[in-house]
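Student: Here's my sequence, what's the structure:
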Amino acid sequence: LKEKMDAHFGRFRDFLDSDRSIKKFFFHDARHDELHAAVAQAEEMWRSQLRPLVEVSQEAGPVEARAAIERYKALAPAQVARLDAIVTMIENDVRDNAVGLAKFSATLLAASLMLAALGLLMAKRIVSRPLRRLIDATEEIAAGAYEQRVEIQSHDEVGTLAGTFNRMAEAVSENTARISAFNRAAGFITSSLNARDILDQIMRQGIDVSGARAACLAFYDAQTGSFNDWVTHGLSERFVRNMAFRSGGLADETFVSGTYILSNDLPGTRHRLSKLARDEGIRAFICLPLTSHAGRLGVIYFYRSDRATFLADEIDLLKTFAHLAAVALENARLYAQVEQEARIDALTGLLNRRSFDRRLAEEHNRAKRFNKPYALALLDIDHFKRINDTYGHPAGDAVLAQLGQVLAQQFREVDVKARYGGEEFAVILPEISGGTAKTVAERVRRAIAATPFVLPDGREIGATVSIGVSCYPNCATNGAAAVNTADQALYIAKMEGRNRVLLYRETLKARIEKEPGLIVAQLNEDPDNILPVITAISVKAPFLRQHTDTVLETTALLAQSLGLSAEERNELSLAAQLHDIGMATIPDAVLAKTASLTPEEGEIVRQHPLTGAAYLEQVPELRRIAPLVRHHHEHHDGTGYPDGLKGEAIPKLARVLMVADAYSTMINDWPGHHALPAEQARTRLQAGAGTQFDPHLVECLLRALEEKTPAAGP
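Tutor: A predicted model of the protein is given here:
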């Protein structure tokens, strides 16, 4: 545009200054001077105002270029008007010489109009439109469309400007991506207080922020004065195995100076790459100090393989990132310290009561989910008040602290050990039954009794403990019940003389024997006490537990075969579990007898359905199943006991329970009886159909058992 406009004005000036005879033929001198002045003014306008605007649009940035083209567009109409005025002057001066003047004016007018049109067209096509595209692209980038680029359609100044704009947009996009990565990284590493998670995020997010290939974070140990712990990401096993942080090395220099160090093999670099780094394919790395509000924690490295340096804005971003990472790590350390102090009893080093309660809930949920047992032991120092009164409270604290050490040594690492309160301690033993836990507790009791406890003044004294043991699921249905039952066992252990271990289910057995009515109290207190009651009774005769489990399984089979309702199934399940609770009043010797029972002993045994029903009658929530327990030994032909009921007079569910009870007795061992093979037991069921058993129920049970038994192979 500049070149063409300059050429047009040059030719126009040459035309005015050419052959004077031609000019005099057409123009008066005054008109000629006026026309010459008008042309000079138009040319001056072009050179002083319009042409500089075109140059600005070529060389300036997007904002200045946009302003220049807008100014050009504003001034162009005035210039066209000047050219139009020149044409008008020519028309007025040559009116008298129609032919010559018409030819000349037509030529001049055409040239002027073409010049003006050409100027406007060139300004629009060559400058205005490309600049408009640049302006539009700039506005889109300002609105966040950082991927926006301008198509380069020419190789002139406007094309150069478009290329420059695209490079600028690329730089803005890359910088924005780095800032976005930094913001994501900041969110990740500050979203957790777990040191392991934070370290992992620092490695990953730092690589994302820097564009590096790998990273390494090394912690400084103030006690040893060296870097003795580090984590890496993205480095080969060989590189990590041969890493070393020598005294006075690059890491030390970074840590002490508090400023970053860049290492590469470029000319003039003070810190050259090692052979190990070159073999790893590393072309540059940067080491930055990890500095938090509390001080310096260590250093962090970022390694590049794509180029031999880090850009200035990348370094600035990494300096901020390193500080943020150090603060996050320091916060995680402080949180872990506070959490540790909140969990641990300061005197004994064991868990405190609050932490123990949380761990007990977790262990119970785990045991319930995976159908695993656990035991709980409560320990109490015997006559601890006497120790405090005799030797002083510092002596009592010394005994407590040393007892904590003994418990930590005697129990397994997986066992949860805690100071439960005062002189009382609690231990959770995962996946251990009550009997095994009692054995462990007895060993611990002996170890404590044999331990000399050293007082602050150097004297040694002895101490003993009483221990109560409970277990899930046999003694308790949940964690709170386990604590309660273990506490009851502990209380009885103290009442019976101290320095002993008692298992709750054995204690409940003893209490029931002394006070059979305790069964009613237990069931009224909480229907979930069914299992502890059954367990306590089964201690009297071990075969009772297996028998009860088999009856429960068999009644479930019959209930499904008969299509019983949900309510009937629930009643039958409860009756199956509790049908023998009347055995609580039968002496152990009678239950364990292998020889035939005497008539008197037989009569005692025959009373257990009445006794069990009497217990259940006193429990409102279980009263409905009392008839089932009372009549589960009635026979279909009326020869059973205790009431001699016959046929349909026997409650339906009692008849179901009777068949299941008889079948279980046949296939299980009990004193004086060996389990029958399944086929023989089924034969006996068939033989008793119509006499001892309801024949329809026998048929249903045999069919259910057959369906349950896998078919024999070929």
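Student: Nearest residue to L622 in space, please, no chain neighbours.
Tutor: Closest residue in space to L622, ignoring its immediate chain neighbours: L616 at 4.8 Å, by CB to CB, 6 or more residues apart in numbering. All C-beta atoms are positioned from the backbone trio N, CA, C, and that covers glycine.
Student: mind listing what's buried in the strand or helix carrying that neighbour?
Tutor: Using DSSP states H and E, L616 falls within helix 608-617. For helix 608-617, a neighbour-count test (16 or more other CB atoms under 10 Å) marks H608, P609, T611, G612, A613, A614, Y615, L616 as buried.
Student: what do you get for stretch 570-590?
Tutor: Those buried within stretch 570-590 under the rule 16+ other CB under 10 Å are 571-572, 574-586, 590.
Student: Kindly report the same for stretch 254-274.
Tutor: Buried residues in stretch 254-274, counting neighbours by 16+ other CB under 10 Å, are found at T254, F255, Y260, I261, L262, S263, N264, L273.
Student: hmm, who's touching that stretch?
Tutor: If you take CB atoms under 8 Å, 6 or more residues apart in numbering as the criterion, stretch 254-274 is touched by 220, 250, 253, 277-278, 282-289, 291, 296, 298-299, 308-310, 315, 318-319.
Student: can you check stretch 536-554 too?
Tutor: Residues outside stretch 536-554 that contact it (CB under 8 Å, 6+ apart): 505-506, 508-509, 512-513, 534-535, 573, 576-577, 579-581, 583-584, 586, 588, 591-592, 657, 659-661, 663-665, 667-671, 701.
Student: Okay, buried residues for it please.
Tutor: Applying 16+ other CB under 10 Å to stretch 536-554 flags 536-541, 543-544, 546-552, 554 as buried.
Student: swap in stretch 270-286?
Tutor: Within stretch 270-286, the residues scored as buried using 16+ other CB under 10 Å are L273, A277, E280, I282, R283, A284, F285, I286.
Student: Tabulate the buried residues of helix 608-617 (TSV), appending pLDDT and distance to N371.
Tutor: Below are the buried residues of helix 608-617 laid out as TSV (pLDDT from 0 to 100; distance: CB to CB, whole Å):
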residue	pLDDT	distance to N371
H608	95	31
P609	96	32
T611	95	33
G612	95	28
A613	96	32
A614	95	34
Y615	95	29
L616	95	28
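Student: Looking at the residues you listed, which is nearest A395?
Tutor: Nearest to A395 out of those is Y615 (CB to CB; 50.6 Å).
Student: how near is E363 to A437?
Tutor: For E363, the distance to A437 equals 13 Å [CB to CB, to the nearest Å].
Student: what number of residues lie near the closest residue to Q402 other than its chain neighbours?
Tutor: Leaving aside its chain neighbours, Q402 sits nearest to F453 (5.2 Å; criterion: CB to CB, 6+ apart). Residues lying near F453 (other CB atoms under 10 Å) number 21.
Student: ok, back up a step: E363 and A437: who's more crowded?
Tutor: Under the criterion of other CB under 10 Å, the comparison of E363 against A437 puts A437 first, with 26 against 21.
Student: Would you point out the most distant pair within the buried residues of stretch 270-286?
Tutor: Of all pairs in the buried residues of stretch 270-286, the most separated under CB to CB is E280 and I286 at 15.3 Å.
Student: Checking V231 next. Helix, strand or coil?
Tutor: Here V231 is strand, with the state taken from DSSP: H, G, I helix; E, B strand; the rest coil.
Student: show me the contacts for it.
Tutor: Going by CB under 8 Å, 6+ apart, V231 touches L199, M203, C216, L217.
Student: I'd guess the last one is in a strand, am I close?
Tutor: Meaning L217. Yes. Under three-state DSSP, L217 falls within a strand.
Student: For it, name its beta-bridge partners.
Tutor: Beta-bridge partners recorded for L217 (DSSP bridges): V231, I300.
Student: what sits against it?
Tutor: L199, I202, M203, W230, V231, T232, L290, G298, V299, I300, Y301, A325.
Student: wait, which of those residues is closest to L407?
Tutor: For the contacts of L217, the minimum distance to L407 (CB to CB) is 33.5 Å, reached by L199.
Student: one step back: now do the next helix or strand after the helix holding L616: everything it contacts.
Tutor: Downstream of helix 608-617, the next assigned helix or strand under DSSP H and E is helix 626-630. The contact list for helix 626-630, computed with CB under 8 Å, 6+ apart, reads 571-572, 575, 578-579, 581-582, 609-610, 612-614, 616-617, 642-643, 651, 653-654, 657.
Student: and the buried residues of stretch 570-590, which two are the farthest apart?
Tutor: E571 and V590 (29.6 Å).
Student: Using the three-state scheme, assign R270.
Tutor: Following three-state DSSP, the label given to R270 is coil.
Student: Tell me the pLDDT of it.
Tutor: In this model, R270 is scored at 90, pLDDT.
Student: Quick check: the gap between it and Y301.
Tutor: For R270, the distance to Y301 equals 17 Å [CB to CB].
Student: is it true that V698 touches A687?
Tutor: No. If you go by CB atoms under 8 Å, V698 and A687 don't touch, sitting 9.5 Å apart.
Student: Which of those two has more residues huddled nearby?
Tutor: V698 (22 against 12).
Student: Who are the contact partners of the more buried one?
Tutor: Counting by CB under 8 Å, 6+ apart, V698 makes contact with V659, L685, Q686, G688, A689.
Student: Check G225 too.
Tutor: G225 makes contacts with S247, as judged by CB under 8 Å, 6+ apart.
Student: which phi and psi does it have?
Tutor: phi 70, psi 30 (degrees, to the nearest 10).
Student: go on, I286?
Tutor: phi -130, psi 140.
Student: Which ones among the buried residues of stretch 254-274 map onto strands?
Tutor: Taking DSSP state E as the definition of strands, the buried residues of stretch 254-274 contribute I261, L262, S263, N264.
Student: can you give me the helices for the stretch 201-350 of the chain?
Tutor: In the stretch 201-350 of the chain, the helices defined using DSSP state H, counting those that start in this stretch lie at 237-241, 250-257, 275-279, 312-343.
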